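Asker: sequence? don't have it. structure:
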Ligand code: PHE
């Protein structure tokens, strides 16, 4: 068995890989419609606050646990807290990764179909309006499942390659590409007539919309978007070299993630308003409203191709981080070969994925707690497992793990100044757990 653990090669490689995980459908597909449904700028402010007071400290905490533990999310807890049940938090994360990967690949698969439709330039006629095209496609069975499986295979191919020759190599190419595409699309959107209406909508806060549900959604969105609470950043943290600055990395990654979500909003809302459409369209926003716009826009085919390629890239670099959580667990804990672990994890996730995909069509009526299979998976992972995971991660580091060890890891054995360490400890001991708990319980309607 190969005892030498794989690791990221360069700082930029770490940055690209972690931003690759963070930036995904959450930023470009989920964030705009969440903001659209939940009060625009007001949602943005709450989301922003959560990223700062909870997101960044949790990112740092996960990096510390992973780099200290030098193992997958289960193994790292095992090492840092031998004989204690903290490893359950790691296991919960691996379970969450499975579920997220399943419903994530459903939506990612749609993206591949839309790349194909863009090339063929047939969003509507003769197939119908964009809404009808989307409805027919995503409620079907063969095509959405086929695309989902293709997407899973692409993910698996990158993971086969390993950390440096798979994850890092592809992230370093794909992330700059994604950024460039997004900038081109934003410039195009802002240059459309009446685009300022969309910007106003995105940035002007409507606090009357903010209720406990919106706040829980903003927390869920912040956690989902930063890929925290489920061991992904523990796993990636374990591949970060000992001389990288974890605090700096956490800040730059979180800020990049937020900027890209906002940039996605800037690419989308001005276009929506410019064409007189409505922003609150739920999950169909990018698959219905945008194609409608692309149809009317000069150069629409080109821009729609750019957009869906962008979305596919974003999804791919996130799904590899989800699959890696499970693969790292299988290889390290069950001594599987990387290739075997990849095949097993991909297959298991694909099985659940087929159900989440079919839950828009043939399995529409198979509801769990009045939600479709897809919505249940999203709700369970995003609103329950991620906040719980984030809660236990900060509580572990804040209250149970030796503070000196934490400081040692964060300061790279005392070689870095960590002036904000007391503030960090205060946040992960009090502010973050309390905020997560309050929002979580309130959102579940417990008080
Ligand atoms: N952060 C990703 C996104 O915004 C989703 C994700 C969640 C990826 C959790 C990995 C882990 O799309």
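Answerer: Happy to help now that I have it. Only a predicted model underlies this, so the values are computations on that prediction, with no experimental measurement involved.
Asker: residues in the stretch 1-150 of the chain within reach of the ligand, list them.
Answerer: Taking CB under 6 Å from any ligand atom as the contact definition, the stretch 1-150 of the chain meets the ligand at 21-22, 24-27, 100. All C-beta atoms are positioned from the backbone trio N, CA, C, and that covers glycine.
Asker: in space, what's closest to the residue of the stretch 201-350 of the chain found nearest the ligand - neighbours in sequence excluded?
Answerer: Residue nearest to the ligand within the stretch 201-350 of the chain: residue 227 (3.5 Å; CB to the nearest ligand atom). Nearest non-adjacent residue to residue 227, counting by CB to CB, 6 or more residues apart in numbering: residue 21, 4.6 Å away.
Asker: secondary structure element for that neighbour?
Answerer: Using DSSP states H and E, residue 21 falls within helix 11-22.
Asker: tell me which residues are up against that helix.
Answerer: 8, 164, 167-168, 171-172, 174-176, 225-227, 232-233, 236, 239-241, 244, 249, 252-254, 256-257, 260, 317-318, 320-321 (CB atoms under 8 Å, 6 or more residues apart in numbering).
Asker: could you point out which element follows it?
Answerer: Later in the chain than helix 11-22, the nearest helix or strand by DSSP H and E is helix 25.
Asker: list the contacts of that next one.
Answerer: By CB under 8 Å, 6+ apart, helix 25 touches 104, 107-108, 311, 314-315, 318.
Asker: so which elements touch the following helix or strand past it?
Answerer: Next along the chain after helix 25, taking DSSP H and E as the criterion, comes helix 31-37. If you count contacts as 3 or more CB pairs under 8 Å, 6 or more residues apart in numbering; DSSP states H and E, helix 31-37 packs onto helix 41-50, helix 212-225, helix 246-274.
Asker: just the buried subset of the contacts of helix 25, written out for ChimeraX, thanks.
Answerer: Buried members of the contacts of helix 25, defined by 16 or more other CB atoms under 10 Å, are picked up in ChimeraX with:
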select :104,107,108,311,314,315,318
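Asker: how about the contacts of helix 25 in a markdown table, adding pLDDT?
Answerer: As requested, the contacts of helix 25 are arranged in a markdown table below (pLDDT from 0 to 100):
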| residue | pLDDT |
| --- | --- |
| 104 | 94 |
| 107 | 94 |
| 108 | 96 |
| 311 | 91 |
| 314 | 93 |
| 315 | 95 |
| 318 | 96 |
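Asker: dump the contacts of helix 25 to CSV, plus secondary structure.
Answerer: CSV is the format used below for the contacts of helix 25 (DSSP: H, G, I helix; E, B strand; the rest coil):
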residue, secondary structure
104, helix
107, helix
108, helix
311, helix
314, helix
315, helix
318, helix
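Asker: do a quick rundown of the strands in the chain.
Answerer: Counting by DSSP state E, the chain has no strands at all.
Asker: low-confidence ranges in it?
Answerer: Applying pLDDT under 70 to the chain picks out residues 1-4, 122-127, 280-281, 443, 445-447.
Asker: report the central residue of it.
Answerer: Geometric centre of the chain, nearest residue: residue 225, 4.2 Å, by CA atoms, centre = their mean.
Asker: quick check: that one vs residue 298, distance?
Answerer: 32 Å (CB to CB, to the nearest Å).
Asker: do residue 184 as well
Answerer: Applying CB to CB to residue 184 and residue 298 gives a distance of 15 Å.
Asker: same thing with residue 384?
Answerer: On the measure of CB to CB, residue 384 and residue 298 end up 45 Å apart.
Asker: these two: which is more packed in?
Answerer: residue 384 (15 against 7; other CB atoms under 10 Å).
Asker: ok, back up a step: hang on, the residue nearest to the centre of the chain packs against residue 257?
Answerer: Yes. Using CB atoms under 8 Å, residue 225 is in contact with residue 257, at 5.9 Å.
Asker: surely residue 76 and residue 63 touch.
Answerer: No. Look at residue 76 against residue 63 with CB under 8 Å: they stay out of range, at 10.8 Å.
Asker: okay, and the common contacts of these two?
Answerer: Contacts common to residue 76 and residue 63, judged by CB under 8 Å, 6+ apart, are residue 234.
Asker: these two: which is more packed in?
Answerer: Neighbour comparison, residue 76 and residue 63: the larger count goes to residue 76, with 29 against 26 (by other CB under 10 Å).
Asker: could you find the closest non-adjacent residue to that one?
Answerer: Per CB to CB, 6+ apart, closest to residue 76 is residue 69, 2.6 Å.
Asker: ok, that neighbour - contacts?
Answerer: For residue 69, the contacting residues are 75-80, 234, 238, by CB under 8 Å, 6+ apart.
Asker: change it to 10 Å
Answerer: Shown in contact with residue 69 (CB atoms under 10 Å, 6 or more residues apart in numbering): 75-81, 90, 234-235, 237-238, 409.
Asker: kindly report the same for residue 247.
Answerer: Residue 247 neighbours (CB under 10 Å, 6+ apart): 56, 59-60, 63-64, 410-411, 416, 418, 420-421, 424.
Asker: if we go to 6 Å?
Answerer: Contacts for residue 247 (CB atoms under 6 Å, 6 or more residues apart in numbering) come out as residue 60.
Asker: picking that back up, who's in contact with the residue nearest to the centre of the chain?
Answerer: Residue 225 sits in contact with 26-27, 257, where contact means CB under 6 Å, 6+ apart.
Asker: which of the residues of the stretch 1-150 of the chain next to the ligand sit farthest apart?
Answerer: 27 and 100 (14.7 Å; CB to CB).
Asker: residues near the residue nearest to residue 277 when sequence neighbours are not counted, how many?
Answerer: Of all residues not flanking residue 277 in the chain, residue 289 sits nearest, at 5.4 Å (CB to CB, 6+ apart). Using other CB under 10 Å, residue 289 is surrounded by 25 other residues.
Asker: picking up where we left off before, separation between the residue of the stretch 201-350 of the chain closest to the ligand and residue 23?
Answerer: From residue 227 to residue 23 the distance is 9 Å (CB to CB).
Asker: show me what residue of the stretch 51-200 of the chain gets nearest to the ligand.
Answerer: The stretch 51-200 of the chain approaches the ligand most closely through residue 100 (5.4 Å), counting by CB to the nearest ligand atom.
Asker: isn't that residue right next to residue 381, touching?
Answerer: Yes. Between residue 100 and residue 381 a contact is recorded at 4.9 Å, counting by CB atoms under 6 Å.
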